[in-house]
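In: Got a sequence here, can you build the structure:
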Amino acid sequence: MKILRINMGAAGGPKVSEEPMGQYDGLGGRALTSTIVAKEVPPLCHPLGEDNKLVIAPGLLSGTPAAISGRVSVGCKSPLTGGIKEANSGGQPSQVLAMLGYGAIVLEGKPKDNTLYKVFISKDGVKVSPDNSLRMLGNYDLVEKMKKEYGDKIACISVGQAGEMKMSAASVAFTDMELRPTRHAGRGGVGAVMGAKGVKVIVVSDAGAERRTPKNPEKFREANKKFTEGLKKHPVTGEGLPAYGTNVLTNVINEAGAYPTKNFMWGRFDTCQKISGETQAQTETARGGLATHGCHRGCVIQCSGIFVDKDGHYVTKQPEYETVWALGGNCCIDDLDVIAQLDRLCDDIGLDTIEMGATIGVAMEAGLAKFGDGQASINLLKEVGKGTPIGRILGNGAAVTGKVLGVERVPVVKGQALPAYDPRGIQGIGVTYATSTQGADHTAGYAVATNIMKVGGYVDPLKPEGQVELSRNLQIATAAIDSTGMCLFIAFAVMDQPETFQALIDLLNGFYGWNLTADDVTALGKKILKTEREFNLQAGLTAKQDRLPDFFKKEALSPHNLTFKVRDEELDQVFNW
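Out: Next up is the predicted model:
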């Protein structure tokens with residue numbers, strides 16, 4: 001594997017160079033993005049300036065026959081949090097990049113003018129070309145244009161209008177198996193950094209490229225078989241997620257009284273049944289869409305889907321739980337067709353659905369629109385795509401919008417919006433939101449699994465006891481999983497089935513000829529978190545930023561009428577291992 005560097009600010013135009021992994025050998029995914037950012041990016045640099053770098057890294061097992069190994073990490077200094085960022089995505093490009101032999105793409109420097117560039121990567125090399133005809137194209141039209149130019153045996157990594165306009169809620173889009181830009185490294189404004197580098201799209205082709213081969217094929221094959229069996233027999237990864245997608249959680253979290261409704265005012269949404277995973281799957285199937293589908297080759301969980309309108313025409317991929325909550329329940333919208341349109345707009349403009357749902361909720365609280373008004377939400381998102389003054393405010397996320405509009409209840413940590421679980425109803429996820437190096441992020445340490453679903457044991461979601469240890473252990477494990485290229489959903493099976501965890505370790509050992517143990521995996525997770533925390537500290541983020549907004553400690557959440565109870569002194573113990 002090698003590192004591809006593209007210096008967008010080189011004299012005479014972009015300069016391409018390749019180098020061996022060297023000091024980064026043995027790293028992939030989040031371990032690689034965070035290590036490169038920590039070593040090469042000045043912590044106090046401007047996130048949109050020439051000194052920031054955007055690192056796109058497949059996982060350690062991407063490009064191999066390992067099941068569900070096609071996740072990709074995108075890292076940089078975040079324009080949203082001001083700290084280090086790793087945003088994770090599915091889609092096809094991770095597998096393709098790894099098959100082409102790239103451990104990472106590093107975009108460096110910054111063009112001297114406003115020229116837009118496209119990058120084409122194949123087994124024959126790398127070509128960077130100026131192309132201003134791509135300016136202000138949405139991701140869907142952009143991908144269609146790339147298909148006409150390069151054929152349909154490609155995958156694309158791109159930014160929409162939001163990335164070009166360097167908005168802090170901008171995502172980086174990755175195409176799925178149907179070559180649609182539906183998978184996003186959404187969080188933290190990574191799309192703004194790609195836009196600041198002047199790169200509109202990276203097109204990758206695996207024509208003539210081979211799957212990566214393991215050092216020990218027999219051990220690898222056996223481990224892959226056991227790993228796949230473990231995923232298929234677990235009730236979450238083998239039944240719930242394939243049948244209803246991630247949105248299977250809507251009824252579950254609503255019933256638990258932790259479904260943030262009306263900008264985190266209540267813990268239950270009365271009409272959530274209308275937008276639940278069960279209703280969504282029935283709707284998709286009845287209309288001729290798909291309720292079970294993979295976002296990349298080799299996915300065995302198949303938690304994705306295809307959402308079509310009443311006439312059977314494609315609208316968007318199956319909106320995920322976070323998206324349905326953010327653009328639905330949080331804004332008191334209970335119409336799946338409206339939510340699907342909003343999801344499509346976010347994917348096209350290139351916006352994080354969690355950030356935008358929280359932002360629209362704040363805008364509704366300010367009186368910019370009425371709660372429950374779907375058409376007003378669609379109109380607001382269109383303003384973002386056009387880059388009007390109000391659109392630019394909204395496109396920079398909930399924290400900026402709250403400041404501009406004078407709203408007190410703004411659900412953010414380190415400038416990043418909270419996802420779809422209220423920390424007063426699930427105290428463990430509140431610890432993760434407060435202390436994660438990434439800003440508020442459910443995937444950084446998914447305590448919901450143990451607090452609500454009783455995966456890997458049980459810790460009472462309504463009590464502060466045990467939550468710090470739970471979040472700590474999950475944050476360590478997650479950092480390691482994010483480095484493998486594996487989908488985070490493998491954690492359900494790995495936490496409940498020791499043999500499936502061993503199969504994951506055996507996959508890595510069989511592929512690389514390593515002798516990793518469970519302790520080595522833990523050590524990798526700790527090392528990544530230490531690296532990220534040191535960067536954040538130098539960037540000015542201290543323990544004072546490891547806190548939830550005050551209203552979570554002061555306003556009791558119905559139906560449990562509880563506030564967030566984990567004390568600040570306990571939050572400061574999360575990283576004392």
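
In: And the most centrally placed residue in the chain, which helix or strand is it part of?
Out: By CA atoms, centre = their mean, the chain has its centre lying nearest to N88, at 4.0 Å. Using DSSP states H and E, N88 falls within strand 84-89.

In: so how far is the helix or strand just after that strand off the chain centroid?
Out: Using DSSP H and E, the next helix or strand after strand 84-89 towards the C-terminus is helix 93-99. Relative to the centre of its chain, helix 93-99 is centred 18 Å away, using CA atoms, centre = their mean, to the nearest Å.

In: Stretch 481-493 now?
Out: 13 Å.

In: And it, what's buried?
Out: Judged by neighbour count (16 or more other CB atoms under 10 Å), stretch 481-493 contains these buried residues: 481-493. Glycine gets a C-beta too; all of them are placed from N, C-alpha and C.

In: Pull it out as CSV, backbone CA atoms only.
Out: Taking C-alpha atoms only, stretch 481-493 is exported to CSV below (Å, rounded to 0.1, in the frame of the first residue of the first chain):
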residue,chain,number,x,y,z
ILE,A,481,-13.1,-0.8,14.6
ASP,A,482,-13.1,2.5,12.7
SER,A,483,-9.5,1.6,11.6
THR,A,484,-10.4,-1.8,10.1
GLY,A,485,-12.8,-0.6,7.4
MET,A,486,-15.5,-2.7,9.1
CYS,A,487,-19.0,-1.2,9.5
LEU,A,488,-19.6,-0.2,13.1
PHE,A,489,-22.7,-2.4,13.3
ILE,A,490,-20.4,-5.4,13.7
ALA,A,491,-20.1,-4.2,17.3
PHE,A,492,-23.5,-5.7,18.2
ALA,A,493,-22.2,-9.2,17.4
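
In: Tell me which stretches of the stretch 351-500 of the chain form strands.
Out: 412-413, 416-417 (DSSP state E, counting those that start in this stretch).

In: My error: substitute the stretch 51-200 of the chain in the last question.
Out: 54-58, 72-77, 84-89, 102-108, 117-122, 125-130, 155-158, 172-174, 183-185, 199-204.

In: quick one, which of those is nearest to G305?
Out: Of all these, it is strand 183-185 that lies closest to G305, at 13.1 Å by CB to CB.

In: name the helices or strands packed onto that closest one?
Out: strand 72-77, strand 84-89, strand 172-174 (3 or more CB pairs under 8 Å, 6 or more residues apart in numbering; DSSP states H and E).

In: Tell me which of those is the most buried.
Out: Mean neighbour count (mean count of other CB atoms under 10 Å) peaks for strand 172-174 among the helices and strands packed on strand 183-185, with a mean of 32.

In: quick check: mean pLDDT across the strand holding N88?
Out: The average pLDDT for strand 84-89 rounds to 97.

In: Over to stretch 314-327?
Out: 96.

In: can you give me the offset of it from its chain's centre?
Out: Per CA atoms, centre = their mean, the centroid offset for stretch 314-327 relative to its chain is 14 Å.

In: in that stretch, what's buried?
Out: Residues of stretch 314-327 classed as buried by neighbour count (16+ other CB under 10 Å): 315-327.

In: From those residues, which land in helices?
Out: With helices taken from DSSP state H, the overlap with those comprises 321-327.

In: if we can go back for a sec, among the buried residues of stretch 481-493, name the ones in helices.
Out: Using DSSP H, the buried residues of stretch 481-493 in helices are 481-484, 490-493.

In: what's the spacing between P14 and E164?
Out: 17 Å (CB to CB, to the nearest Å).

In: And K527, by the same measure?
Out: 35 Å.

In: can you check D568 too?
Out: Counting by CB to CB, the gap from D568 to E164 is 40 Å.

In: Relative to G406, which of the strands of the stretch 51-200 of the chain is closest?
Out: The nearest among the strands of the stretch 51-200 of the chain, by CB to CB, is strand 84-89 at 27.9 Å.

In: Can you check what angle separates that closest one from strand 72-77?
Out: 160 degrees (axes from the mean of the first three to the mean of the last three CA atoms, to 10 degrees).

In: Report the inter-axis angle for strand 84-89 versus strand 54-58.
Out: Going by the same axes, to 10 degrees, strand 84-89 makes 40 degrees with strand 54-58.

In: What helices and strands are in contact with strand 84-89?
Out: Here strand 84-89 touches helix 29-40, strand 72-77, strand 172-174, strand 183-185, helix 518-538, going by 3+ CB pairs under 8 Å, 6+ apart.

In: switch the cut-off to 10 Å
Out: helix 29-40, strand 54-58, strand 72-77, strand 172-174, strand 183-185, helix 190-196, helix 467-484, helix 518-538 (3 or more CB pairs under 10 Å, 6 or more residues apart in numbering; DSSP states H and E).

In: Given the fourth one, what are its sheet partners and their directions?
Out: In the sheet, strand 172-174 lines up against strand 155-158 (antiparallel), strand 183-185 (antiparallel) (DSSP bridges).

In: So which bits of the shortest one are buried?
Out: If you call a residue buried by 16+ other CB under 10 Å, then strand 183-185 has these buried ones: 183-185.

In: ditto for stretch 115-123
Out: Buried, per 16+ other CB under 10 Å, within stretch 115-123: 116-122.

In: Ok, stretch 131-142 next?
Out: Going by 16+ other CB under 10 Å, stretch 131-142 has these buried residues: 134, 137-140, 142.

In: Adding distance to P130, write the ones in helices among the buried residues of stretch 314-327 out as TSV.
Out: Listed next are those as TSV, based on distance: CB to CB, whole Å:
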residue	distance to P130
Y321	40
E322	36
T323	34
V324	40
W325	41
A326	36
L327	36
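
In: Among those residues, which one lies nearest to L179?
Out: T323 (20.7 Å).

In: tally of neighbours for the closest residue to that closest one other than its chain neighbours?
Out: Closest residue in space to T323, ignoring its immediate chain neighbours: T353 at 4.1 Å, by CB to CB, 6 or more residues apart in numbering. The local packing of T353 (other CB atoms under 10 Å) involves 26 other residues.

In: Next one: T353 relative to L571, how far apart?
Out: T353 is 27 Å from L571, by CB to CB.

In: Equivalent analysis for R183, please.
Out: 32 Å.

In: Kindly report the same for Q497.
Out: 31 Å.

In: Tell me which of these two has more neighbours.
Out: Of the pair Q497 and L571, L571 is the one with more neighbours under other CB under 10 Å, namely 20 against 17.

In: Check whether the more buried one really touches V431, as I assumed.
Out: Yes - applying CB atoms under 10 Å, one finds L571 in contact with V431, separated by 6.5 Å.

In: and for these two, which residues touch both?
Out: When CB atoms under 10 Å, 6 or more residues apart in numbering defines a contact, the residues bordering L571 and V431 alike are 467-468, 471, 546, 548.

In: How about V566, nearest residue that isn't a chain neighbour?
Out: Closest to V566 by CB to CB, 6+ apart is P464, at 4.5 Å.

In: Any idea how many residues pack against G439?
Out: So G439, with other CB under 10 Å, has 26 neighbours.

In: Now do the contacts for I105.
Out: Applying CB under 10 Å, 6+ apart, the residues near I105 are 3-6, 54-58, 74, 93, 97, 119, 121, 126, 157, 199, 202, 204.

In: err, L548, not the other one
Out: Counted by CB under 10 Å, 6+ apart, L548 has contacts 411-413, 418, 423-424, 430-431, 433-435, 440, 564, 566, 568, 571.

In: now do L529
Out: 34, 435-437, 444-445, 472, 475-476, 478-480, 574-575, 577.
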